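# A structural model of the following input is requested.
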Amino acid sequence: MGLREEREKFYDQTTYLSRTDAPARKLPETGLRAEREKFYDQTPPPAAPTRKPPETGLRAEREKFYDQTPPPAAPTKKPPETGLRAERKKFYDQASYRSLLADYPAAPALDQSQPPATWPPIWPPADCAQPLCPAEADRRQHPTKARPPSFVSPSKALSMGHESFMRAFRQGMAKSTLKDIKAGYIEVYSSAHQGTWRFDITSQLRAMRNGTEYYRPDSLRLDWKSSLPPIRPLFFGGTRIEVLHASAIAGARHLQRRVQSHENIGVLNSASPTMPGGDFLDGGNTHEASLCRSSTLYGSLNSSSSKPFYNDHSSSIPYHSNALIFSPNVVLFRNDKDVSEHPLEIDVVSCSPVNAELVRSGAPNAAAALINTKIKQRMRDRMGRILALFERRGVKHVVLGAFGVGACKNDIEMIAELWADFFSVSRGRFSFSFQQVIFAIPKQQQFDKFRTVFRNKCQSNPRPARRRVL
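Reported below is the predicted structural model:
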């Protein structure tokens, strides 16, 4: 065996193969190259944070000023208002003004489950009541309380007294009522239905003007003395009579809660004998002026059908005449404080009472007893004709009052006795003519006297059990 065979045998042996199969071990480098690789591969230690030297000078002062938290500003005290604005606010906030604009008892809440077209008692179909768009409704939203009128400027309000200011307020409301009558619609804000609703009243105005009827002083149709009273129904429980410390408008709203939707409500208007509406346009606060501001009654009194009523009174002063005006379908849409409310249709009878003040001033003192007897006789005849007209028109629920007690200076006790005689069970002509009668007396002193006399008169009747006086 030669050298070649020995070499092959050496390379083929297992020990050699095992040594050659193992990964080759790299020898550590030495010299300059090794030093350089070691220098580049090492992780440098973290550099020590360098502390920024504090700034000085103008820049440092500016940075310090901008970085500081400002202290909370002290509340600035608003200086008291002076001048015209302060005087106006003081005038509106005074107790006498707020008490004058205090709300009357609120009308019954509307049923939110029903659309506004079903508001009681009688109203047109649903197409007559239409909601305004939201923006328009918000702009025209009526307040729930009366507020200072926009037609009275602050400078003018300061220059006038309280009575003059309220007269200007009522004049503005009268103009607003005439505007509504001319436009043929009214706008009422409903908190229950969340919006302002516009009601078309053209059909009611047309029916009111066409149905306005004048009754002559000697009309036999209203001769209550010779006409027979209605027969008492078999199950008639008696007339419900109430004496309320309220106005005629509040009395009508009070009846509205009790009557059915198809039943009419009648209201007595103590009318001026010479001018439609009395001092309605001048901002007066009489019974007739308040009723005209709150309803469409002025459109009936100022119509051609009512002109003979005022012509008859030109020659009958101070006793006036027994002439009457019947105004049907009058729409009541405000309360006593000139705040809009849901509409209510009523029938109004207008009549002028005897002016007792003028009658007594023109008569000698010796004839005082005779004059009082004549006044009582005239008033009794006139009040009987009023009730006869309501009875003839089929009105079963009426609102009466202290007829002629205000400006005409009639005796409140005499008026209470006359009304009680008409509703007396034993001998009253109108004992069974009505279902509900409300006497609305707005002034406290007159209310106390009227209620006392009326109750005593009714309790003195032979059969008072059937008379329900509240």
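# What are the boundaries of the strands in the chain?
Using DSSP state E, the strands of the chain run over residues 129-131, 185-190, 195-200, 213-215, 240-244, 265-270, 324-334, 340-351, 397-401, 436-440, 468-469.
# would you list those strands in a markdown table and tack on distance to residue 167 and mean pLDDT?
For glycine as for every other residue, the C-beta is placed from the backbone atoms N, C-alpha and C. Listed next are the strands of the chain as a markdown table, based on distance: least, Cβ to Cβ, whole Å; pLDDT from 0 to 100:
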| stretch | distance to residue 167 | mean pLDDT |
| --- | --- | --- |
| strand 129-131 | 34 | 47 |
| strand 185-190 | 24 | 81 |
| strand 195-200 | 28 | 82 |
| strand 213-215 | 31 | 95 |
| strand 240-244 | 27 | 92 |
| strand 265-270 | 20 | 96 |
| strand 324-334 | 17 | 95 |
| strand 340-351 | 21 | 92 |
| strand 397-401 | 23 | 95 |
| strand 436-440 | 23 | 94 |
| strand 468-469 | 37 | 50 |
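# Distance to residue 162 for those strands - can I get that in CSV?
Converted to CSV, the strands of the chain look like this (distance: least, Cβ to Cβ, whole Å):
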stretch, distance to residue 162
strand 129-131, 38
strand 185-190, 28
strand 195-200, 31
strand 213-215, 39
strand 240-244, 27
strand 265-270, 25
strand 324-334, 22
strand 340-351, 24
strand 397-401, 26
strand 436-440, 26
strand 468-469, 38
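# which stretch among those strands comes nearest residue 39?
strand 195-200 (87.8 Å; Cβ to Cβ).
# partners of the closest one in the sheet?
strand 129-131 (antiparallel), strand 185-190 (antiparallel) (DSSP bridges).
# Can you list the buried residues in the last one?
In other words, strand 185-190. By 16 or more other Cβ atoms under 10 Å, the buried positions in strand 185-190 come out as 186, 187, 188, 189, 190.
# Strand 340-351 and that strand, what's the angle between them?
130 degrees (axes from the mean of the first three to the mean of the last three Cα atoms, to 10 degrees).
# any weak-confidence spans in the stretch 1-150 of the chain?
Within the stretch 1-150 of the chain, the stretches with pLDDT under 70 are 1, 14-29, 43-45, 69-71, 84-85, 88, 91-150.
# repeat that for 80
For the stretch 1-150 of the chain, applying pLDDT under 80 flags the ranges 1-4, 7-8, 10-31, 33-34, 37, 39-57, 59-60, 62-63, 65-150.
# now swap in the stretch 201-350 of the chain and tell me
Looking at the stretch 201-350 of the chain by pLDDT under 80, you get 227-238, 260-262, 313-317, 338.
# Tell me which residues of the longest helix out of those in the chain come out buried.
When the chain is parsed with DSSP state H, its longest helix is helix 368-392. Of all the residues in helix 368-392, those buried under the rule 16+ other Cβ under 10 Å are 371-372, 375-376, 378-380, 382-391.
# right, and the strands of the chain - which one's nearest residue 410?
Of the strands of the chain, nearest to residue 410 by Cβ to Cβ is strand 265-270, at 10.3 Å.
# which strands and helices sit next to the closest one?
Helices and strands touching strand 265-270, by 3 or more Cβ pairs under 8 Å, 6 or more residues apart in numbering; DSSP states H and E, are helix 248-256, helix 287-293, strand 340-351, strand 397-401.
# can we see that at 10 Å?
Applying 3 or more Cβ pairs under 10 Å, 6 or more residues apart in numbering; DSSP states H and E, one finds that strand 265-270 contacts helix 248-256, helix 287-293, helix 297-301, strand 324-334, strand 340-351, helix 368-392, strand 397-401, strand 436-440.
# right, so of those, which gets closest to residue 64?
strand 340-351 (64.8 Å).
# Report the angle between the closest one and strand 397-401.
Going by the same axes, to 10 degrees, strand 340-351 makes 70 degrees with strand 397-401.
# Show me what strand 340-351 pairs with in its sheet, parallel or antiparallel.
strand 265-270 (parallel), strand 324-334 (antiparallel).
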